[in-house]
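Trainee: A structural model of the following input is requested.
(chains A and B)
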Amino acid sequence: MLSLIVFTPLVAAVLLLPWRGLPARAVSWIWIAVTGVEVAAVLALWWAYPGEGFAHEVDRPWIPGAGAGYHVGVDGLSLPLLALTTVVFAACAVYSLRRQRRPRQFAALFLALQTSCLGLFVALDLILFFVFFDLSIVGMYAVIAGWGHGPQARRSALTFFLYTFLGSLALLLGFIGLSVAARPHTFDMVALTRDPPTQGVAGALVLLAVLLGLAIKTPTFPFHTWLPPAHTDAPAAGSAVLAGILLKMGTYGFVRIAMPMLPDAWRRYAWAVVVVGVVSVLYGALVALAQTNFKRMVAYTSVNHMGYVVLAVGAAGLVAGSDAQARAVAVTGAVTQMVSHGLITSALFLLAGVLYDRGGTYQMDAYGGLAGDTPRFAALTAVAAFASLGLPGFSGFIAEFQIFAGSLGSAPVAVAFALPGVLITAALFLWALHRIFLGPARHRLSATADVTAAEIAAVLPLLALALLLGVFPRLLLDVVEPAARAVTDLVAR
Amino acid sequence: MNAALWALVVLPAVAGGTLLLGGRRVDRAAPALALTVAALVAALAVAVALGRPGVDAPFLAGGRWGLAVDGLAALVVPTVAAVALLVLAYAAAEIHRDRSRFHGLMLVFLAAVLLTATATTLPVLLLGWEIMGAMSYALIAYHWRRDDAVAAGATAFLATRAGDLGLYLTAGAGLAGGTLDLTGLAGLPPGWRDVATVGVLAAGFGKAAQLPFSFWLSRAMLGPSPVSALLHSAAMVAMGGYLLVRLHPLLVATGWAVDVAAWGGALTALALGAVALAQTDLKQLLAASTSAQLGYVVLGAAVAPAGAVAHLIGHAATKALLFLAAGAWLTALGTRRLSALRGAGRRHPLVGVVFAVGALALAGVPPLALWATKDVVLAGARERSPALYLVGLAGALLAALYAGRALALVLRPVPSGAESGYDTERDGTREVTAGQRVPLMPLAVGAAVLGTLALPPLSRVVADAVGSGPAPPTGGAELVLSGLLAVAGVTLAVAAPARLPAPTWARTWLGLDPAARLLVVRPTLALARGLARFDDRVLDRAVHAVPRAALGAARGLARFDDAGLDRGVTALPTVTRRVAVALARVDDHGVDALVRRLARAARRLGVLARRPQTGLIHQYYVQLVLALGAAVLILLLAR
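Mentor: This next block holds a predicted model:
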């Protein structure tokens, strides 16, 4: 079942690619149908999930000589991200109903990318994880280089590729370290989690390699510089996937690999993770505040939002003198933030695409008073902005509340420093709304069309889900909480 | 009864959301729908006040979804619902554009206030609390074409959210100490209890527009009058005081917090009283007076909770009335400038009469609402410290002066040439419609009689409901003293309104807004721009310098390869040939062919060796990966 979900998009992509002469409209609808089926399938998976431990596990030998197997399965950490992946890709499919260059190749590429993202979140083997990790980088490189706009697109794509590929090599080094230390040698995540193999200096070095790889992908300060150009030059759907899904691969790695497999080292160096988290929160928020380009601004808020996740997982490692329940709340908040940020930021990037489509620029000062011409676009963007700044009623609040409340016990000073991040984010989004949509009409656009039905159909479900999870968080937390508790216990052992 | 409590919150939220989603299509139906919902909410509020239900559902780990109506909420919830109903009735007559947006936002706001008032756990409280702030942004920025209104909304949201951060701190301290229930906060272990108290005080002071947050309320006056009447009298600012009253046990348990709250409130009452006295704009005067009066609520929250609640309720009715009256004149005469409003009370006598009732109540003239309520608070202050009492009393005198000044101006005869002062803000309609007049009546009645909440026998009922022990007894002498003070103040102000002092520092709201800009906004922006430059010029460039350096090194190696190794290799055949020729001479062409074949092979090797040195970094990269892969393979095979 799980493998079927993972590889169906790839099969669709392979079928689509050589099918010359297929009309663009038909390509879009096939794409939407496949992603829709994926959403339904993951919902069924969610429905059938027993509530704790791994479900739908498959473990087949793959490269037995190296100790790598085809081991997949879902639990409370991966299931929400799996669902997020299908939803965001479906939104991208719907969004791409508008005309697109080389639609068949575009759809095929996204379908293949979807397989690599889904595969990463179900992988329970480090080599499998690594393969999907790298495939996603290659896929996104192709998206930015092939469909990006702006003269810098290729350069941005190359920077993205080299930087994150370098990160993945560090990650591979760490994985090999883990495997070599294990007796018998294995890349199996479940086995490595059961008996964390490394101790002492070796553990610290392995953690350093893994952290470096994940930090580049997440990205945290100071490894984030590939993110703004990649976003600015990527097509809207590409940005949505990049921010919504690809960034989560880094943060997912923290809770899936780094914390449970390297508990000793994690506890010892959790303070460093906390510091990186706090700096990312403040730095991301402040640099975003200074941006004049809407898409760059949203990109930097991703650094800020991912900083909260890093802060929470770091605080969960500061075991001494803190309450286990509070630390579990922090990890729950971190996973919630991954889902929440995926939904909201994808919506924001799709809306940024609408802005570019209408005005030909992301520069906020080129607009002004747009709400009069495009009320529905303004309303959607305002809702997304308020959701992103952590307004209660949306999922972001549930995430940030749990992160702050859960982390304060073990890292009070860090949380006190990170809290103003919430305020700066609020300021920058209100300012952005003001510059683009409110005030007297300042833009010189001759004809500004409001959002189309397809654009609404792509963005609205993302925001509706953020609202749903904000009002009824139990829907998500019932699945996440047991897994978060398990991670907290694994770190504390 | 539990269903009624759910409905109390869900009904306005859903109705408001529906109106917002409906957009222009439901403009026509919006006021009627909003009024119906507000009436239902008022009925539900009375029902839950009598029934005292409580609901509980799972929400977050450690923090459940808890709503309950206790004695305190039973007093405040009906007040908020009643004022909301009257304000919405007024708004139906005044707001004519974008009605669905306006009424939708107001209803969502109402839901958030009711959620805040009935919350029993911190996550639920914070939920209502911050939605209130966001709705206030949208409502203050209702005239979104005006840059200043939008900026004012943002200021209100950001200033109050700065305080709200405190509640996140409180939640963290609560969770670390083992509870997110509001009632459990007082029992936290000492260190966490202090952190929790700091957070609560910051949040309460921010929302209640106490010093140093007061400036946001001044700018918020750019919003429509009904918004001010609801948000800046009965609901949002009042919730700041309400939170502190509700957490009175926490303040007491912490000890130092009582003094901070009491002095913060008393000083706000004094300083903002002076600010109100110096204003030249009626709405600004009312706004400053809101801060000052909420100062008594905050003071009371520390030293006399029952008095604070009575004052909060009395002030809600009084200030809603005054804001609506000011709004009625603004639509009719197109101005809020006090000098231009001279005689406005005579032009529109009914509005003038109810305004007089409200102003006298605000002044603390017996037996109107805020006379006895303020005295209960002051009695509590006297128990605590005489200095606190004197500061509070001085604030009361200022209240009498500024209320009297406003009263004196609007009740004077209409001067000749008054028309020239009108229409400074907008074109006035020169009439106050029945729809605007009717909601003023019940509010005026409230402003007149709600003082009984602070007098026996009702005062005991209030004290029992608030449940913070018996209030300190109010002596008859003090009541007479404060009454005389109020009457004297009003008399003085009415006699010589122009002679009252109006120093610049008071007219400009103590310079709080420029100070916030100078000390917070500007440094933050400068830091943000500096970091953005650092990001572009240092970090990003450093990252790009790495491949550039690698590329340089690769080029250098390639050059060495061409110049050194390759030349060596290509030189080899020449040498070989020479040797071959020499050998040929010796060896009669015997091995010559063999040697030549060798030379050709060497040349081909040279070409091959040159091939990977393309100078293209990604190709080097692939080679690196291949080499690494091979290394991994070797590692795996050789283990």
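Trainee: Following the chain past the one helix or strand A:Gly174 maps to, name the next helix or strand.
Mentor: With secondary structure defined by DSSP states H and E, A:Gly174 is part of helix A:153-181. Using DSSP H and E, the helix or strand that follows helix A:153-181 in sequence is helix A:189-194.
Trainee: what distance separates that next one from the centre of its chain?
Mentor: 24 Å (C-alpha atoms, centre = their mean, to the nearest Å).
Trainee: show me where pLDDT drops low in the stretch 301-450 of chain A?
Mentor: Residue ranges of the stretch 301-450 of chain A with pLDDT under 70: A:446-447.
Trainee: chain center to stretch A:364-378: distance?
Mentor: That offset, for stretch A:364-378, works out to 28 Å (C-alpha atoms, centre = their mean).
Trainee: any residue of that stretch up close to chain B?
Mentor: Yes - using C-beta under 8 Å from any C-beta of the partner chain, stretch A:364-378 reaches chain B at A:Gly369, A:Ala371, A:Gly372, A:Pro375, A:Arg376. Bear in mind the C-beta positions are built from the backbone N, C-alpha and C, glycine included.
Trainee: Now do the helix holding A:Gly174: which elements does it pack against?
Mentor: Judged by 3 or more C-beta pairs under 8 Å, 6 or more residues apart in numbering or on different chains; DSSP states H and E, helix A:153-181 is in contact with helix A:126-147, helix A:200-217, helix A:227-233, helix B:540-560, helix B:617-638.
Trainee: May I see those organised as a markdown table, with distance to A:Gln337 and mean pLDDT added?
Mentor: Shown next, in a markdown table, are the helices and strands packed on helix A:153-181 (distance: least, C-beta to C-beta, whole Å; pLDDT from 0 to 100):
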| stretch | distance to A:Gln337 | mean pLDDT |
| --- | --- | --- |
| helix A:126-147 | 20 | 93 |
| helix A:200-217 | 15 | 92 |
| helix A:227-233 | 17 | 91 |
| helix B:540-560 | 26 | 84 |
| helix B:617-638 | 33 | 75 |
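Trainee: per-residue confidence averaged over the host helix or strand of A:Leu4?
Mentor: Per DSSP H and E: A:Leu4 is located in helix A:2-16. Helix A:2-16 comes out with an average pLDDT of 93.
Trainee: Now it: buried residues?
Mentor: For helix A:2-16, a neighbour-count test (16 or more other C-beta atoms under 10 Å in any protein chain shown) marks A:Leu2, A:Ile5, A:Val6, A:Thr8, A:Pro9, A:Leu10, A:Ala12, A:Ala13, A:Leu16 as buried.
Trainee: which outside residues touch that helix?
Mentor: A:22, A:27, A:30-31, A:34-35, A:37-38, A:41-42, A:45, A:56, A:58, A:72-74, A:82, A:89, A:104, A:107-109, A:111-112, A:114-115, A:118-119, A:122 (C-beta atoms under 8 Å, 6 or more residues apart in numbering or on different chains).
Trainee: try 6 Å
Mentor: A:34, A:41, A:56, A:72, A:104, A:107-108, A:111-112, A:114-115, A:118-119, A:122 (C-beta atoms under 6 Å, 6 or more residues apart in numbering or on different chains).
Trainee: Can you check which of the helices and strands packed on helix A:153-181 gets nearest to A:Ala157?
Mentor: Taking C-beta to C-beta, helix A:126-147 is the member of the helices and strands packed on helix A:153-181 nearest to A:Ala157, at 3.8 Å.
Trainee: buried sites along that closest one?
Mentor: Neighbour-count burial for helix A:126-147 flags A:126-137, A:139-147 (criterion: 16+ other C-beta under 10 Å).
Trainee: Just the CA trace of that helix, in PDB.
Mentor: Presented in PDB, the C-alpha positions along helix A:126-147 are these (Å, rounded to 0.1, in the frame of the first residue of the first chain):
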ATOM      1  CA  LEU A 126      19.300   5.600   5.800                       C
ATOM      2  CA  ILE A 127      20.500   4.800   2.300                       C
ATOM      3  CA  LEU A 128      16.900   4.800   1.000                       C
ATOM      4  CA  PHE A 129      16.500   8.200   2.800                       C
ATOM      5  CA  PHE A 130      19.600   9.500   1.300                       C
ATOM      6  CA  VAL A 131      18.600   8.400  -2.200                       C
ATOM      7  CA  PHE A 132      15.300  10.200  -2.000                       C
ATOM      8  CA  PHE A 133      17.000  13.200  -0.400                       C
ATOM      9  CA  ASP A 134      19.300  13.500  -3.400                       C
ATOM     10  CA  LEU A 135      16.700  12.800  -6.000                       C
ATOM     11  CA  SER A 136      14.600  15.700  -4.600                       C
ATOM     12  CA  ILE A 137      17.600  18.000  -5.000                       C
ATOM     13  CA  VAL A 138      18.000  17.000  -8.600                       C
ATOM     14  CA  GLY A 139      14.300  17.400  -9.300                       C
ATOM     15  CA  MET A 140      14.200  20.800  -7.700                       C
ATOM     16  CA  TYR A 141      17.300  21.900  -9.600                       C
ATOM     17  CA  ALA A 142      15.500  20.900 -12.800                       C
ATOM     18  CA  VAL A 143      12.400  22.900 -11.800                       C
ATOM     19  CA  ILE A 144      14.300  26.100 -11.100                       C
ATOM     20  CA  ALA A 145      16.700  25.800 -14.000                       C
ATOM     21  CA  GLY A 146      14.000  24.800 -16.500                       C
ATOM     22  CA  TRP A 147      11.100  26.900 -15.500                       C
END
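Trainee: and that helix, what other elements does it pack with?
Mentor: Using 3 or more C-beta pairs under 6 Å, 6 or more residues apart in numbering or on different chains; DSSP states H and E, the elements in contact with helix A:126-147 are helix A:103-122, helix A:153-181.
Trainee: The first one packs against which elements?
Mentor: Which is helix A:103-122. Contacts defined by 3+ C-beta pairs under 6 Å, 6+ apart place helix A:103-122 against helix A:2-16, helix A:24-48, helix A:78-95, helix A:126-147.
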